[in-house]
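> Whatever this is, show me its structure:
(chains A and B)
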Amino acid sequence: NAGVTQTPKFQVLKTGQSMTLQCAQDMNHNSMYWYRQDPGMGLRLIYYSASEGTTDKGEVPNGYNVSRLNKREFSLRLESAAPSQTSVYFCASSADWADTQYFGPGTRLTVL
Amino acid sequence: KQEVTQIPAALSVPEGENLVLNCSFTDSAIYNLQWFRQDPGKGLTSLLLIQSSQREQTSGRLNASLDKSSGRSTLYIAASQPGDSATYLCAVRGLDSNYQLIWGAGTKLIIKP
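Numbering: from 1, shown residues only, chains lettered A, B, ... in the order given. Now for the predicted structure:
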């Protein structure tokens, strides 16, 4: 039982490049989330998907897009990376919107 | 707007001590509150979830309390061990935040052998 997996673990981009962060869960959870974590700050929600087929903006959605590909997979895309998007990105899932969230190991992204 | 604060930002104590980590929030209209643990370079692990109707939750050496009226939660760790060293984060699910979690910045705990 792998839980929540994320790829890649590390990535370096140049300003203006694009990339997609992948996330998958094998717990049959309905809800999935993308967060970013910056030094000295709490996690901030970028986008979430309360259930398959739905996505909603979180606190900091600008510069990002998401796709809930199916119940297992939820991807995050940076269309034109900026240095301000340098951060650690976490994917999480929960059985339902109010339940405990389970986190992946994170992707450390640096934008030069 | 809900704000979550964790003080202190860092704490170092000798092994074996009992300790308390603090979490405060500004809006008492919450659905639940969760405590997580984060080890360096890794994801977060859920420790305890307290519903708004509950006063406390216990798991092993951990006990979390909730006082909604004062906007406070504490995480009590009994008989601390070096393996407890990690960053502890609390997160509040408010009724007015589209059911999203609002996070504190965490307390980095170091248990000295």
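
> Quick check: residues of chain B near chain A?
Taking C-beta under 8 Å from any C-beta of the partner chain as the contact definition, chain B meets chain A at B:4, B:9, B:31-32, B:34, B:41-46, B:49, B:89, B:91, B:93, B:98-106. For glycine as for every other residue, the C-beta is placed from the backbone atoms N, C-alpha and C.

> switch the cut-off to 7 Å
B:4, B:31-32, B:34, B:42-44, B:46, B:49, B:89, B:93, B:99-101, B:103-105 (C-beta under 7 Å from any C-beta of the partner chain).

> Restricted to helices, list those residues.
Assignment to helices by DSSP state H places none of the residues of chain B next to chain A there.

> wait, isn't A:Ser18 in contact with A:Ser80?
Yes: taking contacts as C-beta atoms under 7 Å, A:Ser18 lies within contact range of A:Ser80: 6.4 Å.

> picking up where we left off before, among the residues of chain B next to chain A, the buried ones, what's the ChimeraX command?
Buried residues within those, by 16 or more other C-beta atoms under 10 Å in any protein chain shown, are selected in ChimeraX with:
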select /B:4,31,32,34,43,44,46,49,89,93,100,101,103,104,105
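
> Now A:Asn28: which helix or strand?
Assigned by DSSP states H and E, A:Asn28 belongs to neither a helix nor a strand.

> Sorry, slip of the keys, the one I care about is A:Pro105.
With DSSP H and E as the test, A:Pro105 turns up in no helix or strand.

> In chain B, what residue comes closest to chain A?
With C-beta to the nearest C-beta, the shortest gap between chain B and chain A falls at B:Trp103, namely 3.1 Å.

> Excluding chain neighbours, give the residue nearest to that residue in space.
In space, and not counting its chain neighbours, B:Trp103 is closest to A:Gly42: 3.1 Å by C-beta to C-beta, 6 or more residues apart in numbering or on different chains.

> and the residue of chain A at minimum distance from chain B, what does it touch?
Nearest to chain B, among the residues of chain A, is A:Gly42, at 3.1 Å (C-beta to the nearest C-beta). By C-beta atoms under 7 Å, 6 or more residues apart in numbering or on different chains, the contact list for A:Gly42 reads B:4, B:89, B:103-105.
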